[in-house]
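K.L.:
can't give you the sequence, but here's the structure:
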């Protein structure tokens, strides 16, 4: 028989994994005109109109609107493109999270690109649905043409807090460019933790990929450490090609982010991802 003390020790050991298991709640893409579960008098379109006030259903199944509300870019004033003159929105990504011990809903709206912009405009919105729905914060997380929640979408960094993961990307016939943003929700506001840029290429002689994985570790307060690992792997194709064939290779590049109480933000333990981005730029 397991003693009460043993059960307590086991629970403490498994706590980070229990937090991780909660991430099984996947990102969803509900119809905008459908009701929010548990709130039959509220639709996702009602929430979307807090971001794009004149959003309305069109005859083609898309939702049309003009300008979104004013908002900052998650990475600062020097980042981000402009929203398109006309919004043509098929749906939005929805993800429930915990923030400050409270239930919150996030929605990600990829609004598209302005004609003169190389970057898309993607709104990450934070809602409080307790009582009358409120928009707590909204930021532009677009850094490239198309934006999404990146799997797993969120990371439990405490029993009552989740960090968010978004990504923006574009690709051509044999290259893909991905920018991933780690985001903290604190005081019902979005705060950036870091941006991580990766680059994949698939040519005749080989395929090279840079995949990211995310882990939280320990029970540090107020927020757990976050370890991000980029696995840089090269796999020869075995084909006869004009370009030289590299050897098969794979190595991990890891950075750990820990809460810095004095600076009141997450701090990283190395500049490895900046170096990776600089190396990738030479291959573009």
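P.N.:
Happy to help now that I have it. Keep in mind the model is a prediction, meaning the values are calculated, not measured.
K.L.:
give the contact list for the most centrally placed residue in the chain.
P.N.:
Taking Cα atoms, centre = their mean, the centroid of the chain lies closest to residue 166, which sits 1.6 Å from it. Contact partners of residue 166, counting by Cβ atoms under 8 Å, 6 or more residues apart in numbering, are 108, 122, 124, 141, 147, 148, 149, 150, 180, 181, 183. (C-beta placed from N, C-alpha, C; glycine too.)
K.L.:
partners of it in the sheet?
P.N.:
According to DSSP bridges, the partner residues bridging residue 166 are residue 149, residue 181.
K.L.:
Quick check: pLDDT value at it.
P.N.:
On pLDDT, residue 166 comes in at 98.
K.L.:
same check, this time on residue 118
P.N.:
On the pLDDT scale, residue 118 is placed at 77.
K.L.:
pretty sure it is touching residue 142, no?
P.N.:
No. Residue 118 is beyond contact range of residue 142, at 10.5 Å (criterion: Cβ atoms under 8 Å).
K.L.:
Find residues that contact each of the two.
P.N.:
Common neighbours of residue 118 and residue 142, counting by Cβ under 8 Å, 6+ apart, are residue 81.
K.L.:
Tell me which of the two has more neighbours.
P.N.:
Neighbours were counted for residue 118 and for residue 142 using other Cβ atoms under 10 Å; residue 142 has more, 29 against 10.
K.L.:
My read is that that one contacts residue 169, right?
P.N.:
No. Residue 142 is beyond contact range of residue 169, at 10.6 Å (criterion: Cβ under 8 Å).
K.L.:
what about residue 266, which helix or strand?
P.N.:
When secondary structure is defined by DSSP states H and E, residue 266 falls within strand 265-268.
K.L.:
Just the buried positions in that strand, please.
P.N.:
The neighbour-count criterion (16 or more other Cβ atoms under 10 Å) identifies 266, 268 as the buried residues of strand 265-268.
K.L.:
contacts for it?
P.N.:
Under Cβ under 8 Å, 6+ apart, the answer for strand 265-268 is 182, 184, 191, 193-194, 223, 226, 255-260.
K.L.:
of those residues, buried ones?
P.N.:
Applying 16+ other Cβ under 10 Å to these, the neighbour count classes 182, 184, 191, 193, 194, 223, 226, 255, 256, 257, 258, 259 as buried.
K.L.:
Out of these, which is nearest to residue 215?
P.N.:
residue 226 (7.3 Å; Cβ to Cβ).
K.L.:
returning to that earlier point: any chance of a markdown table for the buried ones among the contacts of strand 265-268, columns secondary structure?
P.N.:
Rendered in a markdown table, the data for the buried ones among the contacts of strand 265-268 read as follows (DSSP: H, G, I helix; E, B strand; the rest coil):
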| residue | secondary structure |
| --- | --- |
| 182 | strand |
| 184 | strand |
| 191 | strand |
| 193 | strand |
| 194 | strand |
| 223 | coil |
| 226 | strand |
| 255 | strand |
| 256 | strand |
| 257 | strand |
| 258 | strand |
| 259 | strand |
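K.L.:
In TSV: those, plus distance to residue 30 and pLDDT.
P.N.:
Listed next are the buried ones among the contacts of strand 265-268 as TSV, based on distance: Cβ to Cβ, whole Å; pLDDT from 0 to 100:
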residue	distance to residue 30	pLDDT
182	25	98
184	26	98
191	27	98
193	28	98
194	30	98
223	30	96
226	29	97
255	34	98
256	35	97
257	32	97
258	36	96
259	34	96
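K.L.:
which among these gets closest to residue 136?
P.N.:
Lowest distance from residue 136 to these (Cβ to Cβ) belongs to residue 191, with 13.0 Å.
K.L.:
Low-confidence regions, the stretch 1-150 of the chain specifically.
P.N.:
Across the stretch 1-150 of the chain, the stretches falling below the confidence threshold (pLDDT under 70) are 1-25.
K.L.:
which of the contacts of strand 265-268 lies closest to residue 137?
P.N.:
Compare each of those with residue 137 using Cβ to Cβ and the shortest gap goes to residue 191, at 9.8 Å.
K.L.:
I figured that closest one was touching residue 164, is that so?
P.N.:
No. No contact is recorded between residue 191 and residue 164 when judged using Cβ under 8 Å, the distance being 10.3 Å.
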